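Undergrad: Here you go, sequence then predicted model.
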Amino acid sequence: MLIIKTIVHETIWGGDRLTPYSNTNSKTIGHLYSLISNGELESEILNGKYKGQLFRKYFDENKERLNLGKYKELPFLLALVDATQDLSLQVHPNDEMAKKLENADFGKNESWYFLETPKTGKIYDGCKAQNSEELREKVSQEKYDEIINYLPIEQGDYVYIKAGTMHAMAAGSLVYEIEENCNATYRVYDFDRIDKNGQKRPLQTEKALNSIIVENKSKAEKYEEGIEKHERIYSTKLMNGVEEYKNNSKTIECLTFLEGENTLEGCKIQKGVTVVLEPDEQIKINKSKFIVSRALLEEEM
């Protein structure tokens, strides 16, 4: 069992709902990273043989044994997200565009589980333009209202955002997020927001326009407890009221806690903390709510 130290990422749109779980006094937490290993941010292990070491060291030394040998790094990252403002209207590239624009191995699909409903009851999702030419024209004219599509959202909804989908989390959203491990985000529009230095944040308009697939739109569905949901390279499973959990898979499972407090090996397990279990490992805990995530094996893809 590995217990992962959370990482605070302050943002222009972040808030204080995650502050009690961050061991900081920050009031602008956008991401509370539960597990991340992407070369820019690297999670630390708090217990056991690898205590004080980066998760990447553990992954590199054990990935073959854990049936993850085809990955050069953990293929997803985990975070809780507090959006007190609308995030930028953005897009992540698919595999083809990620290779072309970033020389990356793959693009980014992601999933959101809504712990709290956006203030407006909807997020930005998809594009109203009929084709890429119309999209490009509207963006050049800064007619963003004419291209933005919306998706109604309620607390407890699960949304899978395919690469190439124009999207943005809306103000009031509190979300569990799992993303494929590609660090490419292209902003289309940032609502003319001004940063702490009085400057507008940069846009990546051309890369965004080349990456947006105008037909892409997401759907919201209720996240059924105990049912494993498979996406492209990862699976997730919502567990609630659980007092004992065993990893019955053939690879590591990552348990990200959403409700309940526990102590394991002297570490406080609270909202946002991820515990990693190897195959056949199990834990006993107080009644808790958490999401189990893992990389899909070759035969499952």
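TA: Yep, that arrived. Numbering: from 1, shown residues only.
Undergrad: Start from the N-terminal end of this protein and give the helices.
TA: Taking DSSP state H, the helices of the chain run over residues 55-62, 95-102, 132-140, 205-211.
Undergrad: show me what contacts Gly39?
TA: The contact partners of Gly39, by Cβ atoms under 8 Å, 6 or more residues apart in numbering, come to 73, 183. (Each C-beta comes from the backbone N, C-alpha and C, glycine too.)
Undergrad: phi, psi of it?
TA: Gly39 adopts backbone torsions of phi 90, psi -30, taken as degrees, to the nearest 10.
Undergrad: separation between it and Glu134?
TA: Distance from Gly39 to Glu134, counting by Cβ to Cβ, to the nearest Å: 37 Å.
Undergrad: Throw the helices of the chain into JSON lines and include distance to Ile285, mean neighbour count and mean pLDDT, thanks.
TA: Converted to JSON lines, those look like this (distance: least, Cβ to Cβ, whole Å; neighbours: other Cβ atoms under 10 Å; pLDDT from 0 to 100):
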{"stretch": "helix 55-62", "distance to Ile285": "21", "mean neighbour count": "16", "mean pLDDT": "98"}
{"stretch": "helix 95-102", "distance to Ile285": "38", "mean neighbour count": "16", "mean pLDDT": "97"}
{"stretch": "helix 132-140", "distance to Ile285": "48", "mean neighbour count": "15", "mean pLDDT": "97"}
{"stretch": "helix 205-211", "distance to Ile285": "41", "mean neighbour count": "18", "mean pLDDT": "98"}
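Undergrad: Take the ones you listed and write them to CSV, including distance to Cys267.
TA: Below are these laid out as CSV (distance: least, Cβ to Cβ, whole Å):
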stretch, distance to Cys267
helix 55-62, 15
helix 95-102, 36
helix 132-140, 47
helix 205-211, 40
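Undergrad: so which of those gets nearest Thr251?
TA: Proximity to Thr251 (Cβ to Cβ) singles out helix 55-62 among these, at 10.2 Å.
Undergrad: was I right about Lys57 contacting Lys51?
TA: No - with contact defined as Cβ atoms under 8 Å, Lys57 does not count as touching Lys51 (11.4 Å).
Undergrad: What confidence value was assigned to Lys51?
TA: Predicted confidence (pLDDT) at Lys51: the value is 98.
Undergrad: Repeat that for Ile194.
TA: Model confidence at Ile194, given as pLDDT, is 89.
Undergrad: Please apply the same query to Lys108.
TA: Among the per-residue scores, Lys108 shows a pLDDT of 98.
Undergrad: Then Gly48?
TA: At Gly48, the pLDDT value in this model is 97.
Undergrad: Lys268 now?
TA: 97.
Undergrad: What is the burial count for it?
TA: Using other Cβ atoms under 10 Å, Lys268 has 13 neighbouring residues.
Undergrad: Start at 40, not 1
TA: Sure thing, new numbering starts at 40, so read that last one as Lys307.
Undergrad: just checking, it touches Gly299?
TA: No - under the criterion of Cβ under 8 Å, Lys307 makes no contact with Gly299, lying 11.5 Å away.
Undergrad: what stretches of the protein score poorly on pLDDT?
TA: Within the chain, no stretch falls below the threshold (pLDDT under 70).
Undergrad: what's the closest of the helices of the chain to Tyr228?
TA: Tyr228 sits nearest to helix 171-179 of all the helices of the chain, at 7.8 Å, using Cβ to Cβ.
Undergrad: Give me the distance from the closest one to the chain's centre.
TA: On the basis of Cα atoms, centre = their mean, to the nearest Å, helix 171-179 sits 29 Å off its chain's mean C-alpha point.
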